[in-house]
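# Based on what follows, work out the 3D shape:
(chains A and B)
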Amino acid sequence: MLNYIWFGLMAIALVVAAFNGTAEAVTKGAVDSATTAVEIAIGLVGIMTLWLGIMRVAEAAGLVTLLGRLLRPALRFLFPEVPADHPANGAIVMSIAANMLGLNNAATPLGIKAMEELQSLNPRKDTASNPMVTFMTLNTSGVQLIPSTMLGVLAAAGAANPTAIISTALVATFVGTVAAVLSAKVLQRFYPEGE
Amino acid sequence: MREILEQISIWAVPVLLVGIPLIGIIKKVKVYDVFIDGAKEGFGVAVQIIPFLVGILVAIGMFRGSGAMDLMLDALRPLLVYTGFPPEMLPLGILRTLTGSGSLAYTTDLIKTHGPDSLLARMAATMYGSSETTFFVIAVYFGAVSVKRTRHAVPAALIGDVVAAIAAVAICVWMF
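From the prediction side, this is the model:
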């Protein structure tokens, strides 16, 4: 699917550019985006290093296993393929918790750590496993409790009551997350892991 | 409730950075050695993401640069008016899955144009706050473990995004 979306976006850009005469803007879009992508990845080096180090300490202290065990019922429902005592459980919990609290600097490294743990269980290293996709949908639906960026924007624009959106965003996030996870669970049958 | 959550958010990182090694020390773990050992992987993981992120962001950058994004939105507008979905919200829904900075700029602009207490502003803020930049997340997370075949990740995530967007509009109409 990503193959078609990826090619489709670029092919459409070229066709539209031919009609609009925006070839220069397309070139600029490509070059600027490539630069931005590398800046984002390199920008991750510091926090990645920090959190991977701290997570290794948490593992050695037995905290990751403990966390996974505490939330076992929920994890067993969401990730039935992951063995109960595997460190992936704890890593998933840490990452989701960081997401909920809006700790963007910690959420990405912890999420990547969880993906690495899930990858260690994955028999086909170039193909996403079911638990990987389920975990991914929890992340793409953004389970944040306080939408702090938007509260900031609304407050800066002089809103009378910026916090009014907390409850609405919470409901929308929850509904979206449930839909995403259910879709992952249903769709996994139609996308076999091996081919 | 909100106060409590904000306090947790402020304190979470420093408390974890001290608390985790503290428990390590209690359990007689050589915390610094173990930290360095885990931290070594940080650079490699970040670098591994680069090809995936460049691929996704370049395609999106070209699409936006060509004006195809605006064309698509114009084409969809009449359909939206027909269904009662506010036409201003669709670009946001699409931008939100593709670009973080683009959707933030669009939301900020919408809030300024219509006033921060308008229904549209609250809808936009709700929509922005209730989702993530899906394609970015997919590129970063699968990139970090070099997974190329993403199977049902894109359709499942997009269904979640569509449902969240509709829910955001519906809940705001109902609440405000």
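# How about the secondary structure of the residue nearest to the spatial centre of chain B?
By Cα atoms, centre = their mean, chain B has its centre lying nearest to residue B:132, at 2.0 Å. Classification of residue B:132 using DSSP: H, G, I helix; E, B strand; the rest coil returns coil.
# give the contact list for it.
Taking Cβ atoms under 8 Å, 6 or more residues apart in numbering or on different chains, we find residue B:132 in contact with A:139, A:140, A:141, A:142. Every residue, glycine included, has its C-beta placed from N, CA and C.
# which of the residues you listed are close to chain B?
Restricting those to those near chain B by Cβ under 8 Å from any Cβ of the partner chain leaves A:139, A:140, A:141, A:142.
# which one of the residues you listed is nearest residue A:181?
residue A:141 (8.0 Å; Cβ to Cβ).
# got a list of what that closest one touches?
A:173, A:176, A:177, A:179, A:180, A:181, B:131, B:132, B:157, B:160, B:161, B:164 are the contacts of residue A:141 under Cβ under 8 Å, 6+ apart.
# pLDDT at the residue most central in space within chain A, what is it?
What sits nearest the mean C-alpha location of chain A, by Cα atoms, centre = their mean, is residue A:139, with 3.3 Å. We have a pLDDT of 92 for residue A:139.
# Show me what the strand or helix carrying it packs onto, helices and strands only.
Under the criterion of DSSP states H and E, residue A:139 resides in helix A:130-140. Helix A:130-140 is packed against helix A:72-78, helix A:87-100, helix A:104-121, helix A:164-187, helix B:134-144, helix B:153-175, with contacts defined by 3 or more Cβ pairs under 8 Å, 6 or more residues apart in numbering or on different chains; DSSP states H and E.
# got the buried residues for the lowest-mean-pLDDT helix or strand in chain B?
None of the helices or strands of chain B scores lower by mean pLDDT, DSSP states H and E than helix B:68-83, at a mean of 80. Buried residues in helix B:68-83, counting neighbours by 16 or more other Cβ atoms under 10 Å in any protein chain shown, are found at B:68, B:69, B:72, B:73.
# which residues are contacting it?
Against helix B:68-83 from outside (Cβ under 8 Å, 6+ apart): A:12, A:13, A:16, B:63, B:86, B:87, B:90, B:91, B:94, B:95.
# contacting residues for the fifth one?
This points to residue B:86. Here residue B:86 is in contact with B:80, B:120, B:123, B:169 (criterion: Cβ under 8 Å, 6+ apart).
# now swap in the second one and tell me
Neighbour list for residue A:13: A:26, A:29, B:59, B:62, B:63, B:65, B:66, B:68 [criterion: Cβ under 8 Å, 6+ apart].
# run the last query once more with 6 Å
By Cβ atoms under 6 Å, 6 or more residues apart in numbering or on different chains, the contact set of residue A:13 is A:26, B:62, B:63, B:66, B:68.
# what does residue B:108 give?
By Cβ under 6 Å, 6+ apart, the residues touching residue B:108 are residue A:153.
# any idea which element it lies in?
In this assignment (DSSP H and E), residue B:108 forms part of helix B:100-114.
# for that helix, which positions count as buried?
B:100, B:102, B:103, B:104, B:106, B:107, B:108, B:110, B:111, B:114.
# what about the residue nearest to the first one when sequence neighbours are not counted, distance to residue A:49?
Computed as Cβ to Cβ, 6 or more residues apart in numbering or on different chains, the closest residue to residue B:100 that is not its neighbour in sequence is residue B:133, at 4.4 Å. The gap separating residue B:133 from residue A:49 is 23 Å, by Cβ to Cβ, to the nearest Å.
# Using CSV, list the CA coordinates for the helix holding residue A:139.
The C-alpha coordinates for helix A:130-140 follow below in CSV (Å, rounded to 0.1, in the frame of the first residue of the first chain):
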residue,chain,number,x,y,z
ASN,A,130,0.4,-8.1,13.9
PRO,A,131,1.5,-6.6,17.2
MET,A,132,3.7,-4.1,15.4
VAL,A,133,0.7,-2.8,13.4
THR,A,134,-1.5,-2.7,16.5
PHE,A,135,1.1,-0.8,18.4
MET,A,136,1.5,1.6,15.4
THR,A,137,-2.2,2.4,15.3
LEU,A,138,-2.1,3.3,19.0
ASN,A,139,0.6,5.8,18.1
THR,A,140,-0.8,7.2,14.9
